[in-house]
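Chemist: structure for this input, please:
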Amino acid sequence: MIKLVGIHKIYEDGNTGFLALKDINLDFKDDHFVCILGKSGSGKTTLLNIIGGLDNPSSGHMVINGELTTKFTTTQWDYFRNYKIGFIFQNFSLIEHLTVLDNVKLAIKLQGIKEQEAKERALAMLEKVHILAQAHKLPSQLSGGERQRVAIARALVNNPEVILADEPTGNLDKKNANEVLKILKEISEEKLVIMVTHNRKIAHTYADRIIELKDGSVVSDTKPYLNEKVKISKPKPKYTKFRFGDKIKHALNNIRMKKWRSFLISLGLAIGVSSFILIDGISNGIRTNIKKYLNGRGSDGDITLIINKEAAPEEIIKIITEEEEVIGVRLNPVNYQVNKVNEVNVNSLQINLSYKFLDDEKENFRLFGRIYGDGHWPTNDNEILVSYNFATTVFNISNIEEIWQKLKGATISIITGYYYEVPMEYVAEVCELYEFIDEQTPPVNYDEGTLGSFQSHIVWQKQLFGKLLLESDNRIYLCQDYTSITKNYTYKPLLHDFTIVGINDASFIQVSFVTEAAYLNIYEFHEHISYNDNYDIYLTDKGRSNTYLIKTSLSEKLKGYDFFIHDNVSSNISIDLFEIFLGMAQFIISMILIVSVVTAGLMLLMLLMISVIERSREIGILRALGATKSDVMSVFITESGVLGFFAGILGIVLSLGSALIANEIIRHKYERILLQTFYRTDINLVIIKPLSCLIAIIISIIFTMMFGLFPAIKASKKTPINALKRL
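Modeler: Model prediction:
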């Protein structure tokens, strides 16, 4: 079965070497009890390690079942140790974080056996060595004799051909030692048992053959089998199979045994993970809300065409879609928006009179303050609230009750006769799409109580008064021939008088309040008013960068129609610029966080390196049982990945909790600003997407596995014997 030929073993120690074995030539048959006897330092354990494939000879060769071991690959040695050899160690060599049952199952699972079969075989072997009752205990809960029985069960569970026992009774009392020896004697009736001992009495009592070593040489052999010819064949490829699920279970067991250390590592990584998720969530929230705000200020399209309703939509759309860079058109009605403004006196003390609330906005604006006295919120179109500031300014009285008695039920009229002069301005910069006007425009009078409150950048073209542009600073330019600007254009309010129904203590009345689609219910043009159609035109990226040519082309094709074309790309540019600045801020914060996460990763690396040293003996046990180098490496990498998974989950929990708290604080602290800006308070500044969480978990796993790679490689490179000796 096993043949040793000219085996030498030299341990290098600097420039000198120690000769542990000298020219060992031995043969072992199939079934008998062999004792290798010798004093400490005689080389008996070294010889046993070479026979078991835990160590390699410096010279000579070994033949096992006709296969020359010098031709063995690392994986073939692993297979040999798992299938052909069962090890019993003096110090038991049980993995402390595994139960008795799991220690025995481990040897089986390295063969790729499924859980149920492995469990049945392990329980049967534990019963055979009379230790079944302790199956679910940890090794630390057992006596020395019980531990050695577990080690014997593990050695026998794969039904190997050879049992190698390294002083199995060395740490046992006499009673337990005799029981273990009786078990080994019984096993030797069917298998080859090779036991190392220094106890001559034990050797002569139980052994069928005694080989005595002294100073690394065989000095006696009671039953030698020498010079027998062995037919040598080429080794066949053989492999063990450690299933991925079992590696995860092994990693979880180790994490569970060191739960506080594992938790702290995961927490450190989770802080970094949650930071990345929160950065992404904040950018999502800001981007979403800012885009809503910016897009809400203008048209959805890249170009807006406003044209008289008399033009057939089918014909207009056909003309628009002939442009190569147009990718979509949407027809919308023009929704005029207006702030209702009244001039109180020539000093321009201005209040905003809320003529009408949209139904779904009434409750929101009641949050701004309380109504004094027995006043109430407006319920009809001819009822208004006035602010406390307005009331005290008009009556020069600070007592609110006295003011209310004077105002209650009073009627207030809109003053439409107040004008101011628009300064002389050049209009070339404004009318860039039209003819440049050589002359300066004269002062233009207009009703600030009406025109001045229109939404900025709303533009009409009427045959009577040309192209009218309202800028955000309330300047009006009439882009037309100098001689044609001859008169003022005003609007007539349909509602003149309003009844005061309350005084409000908040400042919302002084904040511009826009009612949607309500313009034609309140104001009308004196003359020449008409309804228009609004076309949102969507362009390709190329078209967006050259809207001038597209607008020029459309203007040529639409000659004869009453129309105006407006370029909305500027708002898109605002969004693009915002994206750039947001990206820059994200990049800077991300760099800071990367440093933090890398620091946490280096801590993980250091802890894993320490873990390799601490678990060196466990690595040796795994290798002795037949685990391959890749198995050992994957166990450590899997453990790192599991820690990364837990860190990712913990990071998601932390980020979701932080986002919830942050959003609530922002809603309460900045409620008024949110109402003024978005007309609602249920705004989320931090928006965490499920995809971001999934990506965070994946990144966390990959990150920890990368940092666990170096310790894993270091662990896999340890030879079984060096790992067992913790070298």
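Chemist: excluding chain neighbours, what is closest to His130?
Modeler: Leaving aside its chain neighbours, His130 sits nearest to Arg149 (6.8 Å; criterion: CB to CB, 6 or more residues apart in numbering). Heads up, the C-betas are built off the backbone N, CA and C, glycines and all.
Chemist: can you report how many residues lie near the one you found?
Modeler: Neighbours of Arg149 under the rule other CB atoms under 10 Å: 24.
Chemist: would you confirm that it contacts Val180?
Modeler: Yes - at 7.4 Å, Arg149 and Val180 qualify as touching, with contact defined as CB atoms under 8 Å.
Chemist: follow-up on the earlier one: which SSE is the residue nearest to His130 in?
Modeler: Assessed by DSSP states H and E, Arg149 sits inside helix 144-156.
Chemist: the next helix or strand after that helix vs helix 144-156, what angle?
Modeler: As assigned by DSSP H and E, the chain's next helix or strand after helix 144-156 is strand 162-166. Per axes from the mean of the first three to the mean of the last three CA atoms, to 10 degrees, the angle that strand 162-166 makes with helix 144-156 is 150 degrees.
Chemist: buried stuff in strand 162-166?
Modeler: Residues of strand 162-166 classed as buried by neighbour count (16 or more other CB atoms under 10 Å): Val162, Ile163, Leu164, Ala165, Asp166.
Chemist: returning to that earlier point: residues contacting the residue nearest to His130?
Modeler: Each residue near Arg149 by CB atoms under 8 Å, 6 or more residues apart in numbering is listed here: Val129, His130, Ile131, Val180, Ile183.
Chemist: next one: it from Ile183, what distance?
Modeler: Distance, Arg149 to Ile183, using CB to CB, to the nearest Å: 8 Å.
Chemist: thinking again about what came up before, now distance to Val598 too, for the buried residues of strand 162-166, in CSV please.
Modeler: Output for those, formatted as CSV (distance: CB to CB, whole Å):
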residue, distance to Val598
Val162, 49
Ile163, 50
Leu164, 46
Ala165, 49
Asp166, 45
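Chemist: residue ranges with poor pLDDT in the stretch 51-200 of the chain?
Modeler: Scanning the stretch 51-200 of the chain for pLDDT under 70 picks out nothing.
Chemist: Ala723 reaches Arg623, doesn't it?
Modeler: Yes - contact criterion CB under 8 Å: Ala723 and Arg623 qualify, at 6.1 Å.
Chemist: okay, those two: which has more neighbours?
Modeler: Neighbours were counted for Ala723 and for Arg623 using other CB under 10 Å; Arg623 has more, 28 against 24.
Chemist: burial count for Gly708?
Modeler: Gly708: 28 surrounding residues under other CB under 10 Å.
Chemist: for the helix or strand in which it is found, packing partners?
Modeler: Assigned by DSSP H and E, Gly708 belongs to helix 690-716. Other helices and strands packing on helix 690-716, by 3 or more CB pairs under 8 Å, 6 or more residues apart in numbering; DSSP states H and E, are helix 259-295, helix 569-614, helix 629-669.
Chemist: neighbouring contacts of stretch 718-727?
Modeler: With CB under 8 Å, 6+ apart as the test, stretch 718-727 has contacts from 49, 53-55, 81, 89, 93, 613, 616-617, 619-621, 623-624, 632.
Chemist: buried set for that stretch?
Modeler: Buried residues in stretch 718-727, counting neighbours by 16+ other CB under 10 Å, are found at Lys718, Thr719, Pro720, Ile721, Asn722, Ala723, Leu724.
Chemist: for Ser640, which non-adjacent residue is closest in space?
Modeler: Nearest one to Ser640, counting by CB to CB, 6+ apart, is Gly708 at 2.7 Å.
Chemist: please confirm that Gly53 is located within a strand.
Modeler: No - using DSSP: H, G, I helix; E, B strand; the rest coil, the assignment for Gly53 is coil, not a strand.
Chemist: quick one: residues contacting it.
Modeler: Thr69, Phe72, Trp77, Phe80, Arg81, Ile85, Pro720.
Chemist: what's the per-residue pLDDT of Ile303 here?
Modeler: pLDDT for Ile303: 69.
Chemist: what's the mean pLDDT across the helix holding Gly708?
Modeler: When pLDDT is averaged over helix 690-716, the result is 86.
Chemist: quick one, it and helix 259-295 angle?
Modeler: Using the same axes, to 10 degrees: helix 690-716 against helix 259-295 is 150 degrees.
Chemist: ok, the residue lying closest to Ala659 once chain neighbours are set aside - contacts?
Modeler: The shortest distance from Ala659 to any non-neighbouring residue, by CB to CB, 6+ apart, is to Val686 (4.0 Å). Contact analysis of Val686 by CB under 8 Å, 6+ apart lists Leu278, Gly281, Ile282, Asn284, Gly285, Ser658, Ala659, Ala662, Asn663.
Chemist: tilt between the one helix or strand Gly620 maps to and strand 162-166?
Modeler: Secondary structure from DSSP H and E places Gly620 in helix 616-624. Orientation check (the same axes, to 10 degrees): helix 616-624 against strand 162-166 gives 160 degrees.
Chemist: for helix 616-624, give the mean pLDDT please.
Modeler: 84.
Chemist: for stretch 221-241, same thing?
Modeler: 66.
Chemist: can you measure across that stretch, start residue to end residue?
Modeler: Distance across stretch 221-241, first residue to last, is 39 Å (CA to CA, to the nearest Å).
Chemist: correct me, but Ser59 touches Leu19?
Modeler: No - counting by CB under 8 Å, Ser59 sits too far from Leu19 to count as a contact (10.9 Å).
Chemist: shared neighbours of the two, anything?
Modeler: Taking CB under 8 Å, 6+ apart as the contact rule, Ser59 and Leu19 both touch His8.
Chemist: the more surrounded of the two?
Modeler: Per other CB under 10 Å, whichever of Ser59 and Leu19 has more neighbours is Leu19, with 14 against 11.
Chemist: in three-state terms, label the more buried one for me.
Modeler: When classified by three-state DSSP, Leu19 comes out as strand.
Chemist: apart from its neighbours in sequence, what residue is nearest it?
Modeler: If the residues on either side of it in the chain are set aside, Leu19 comes closest to Ile10, at 5.4 Å by CB to CB, 6+ apart.
Chemist: looking at this, that neighbour is in a helix?
Modeler: No - checked against three-state DSSP, Ile10 lies outside a helix; its state is strand.
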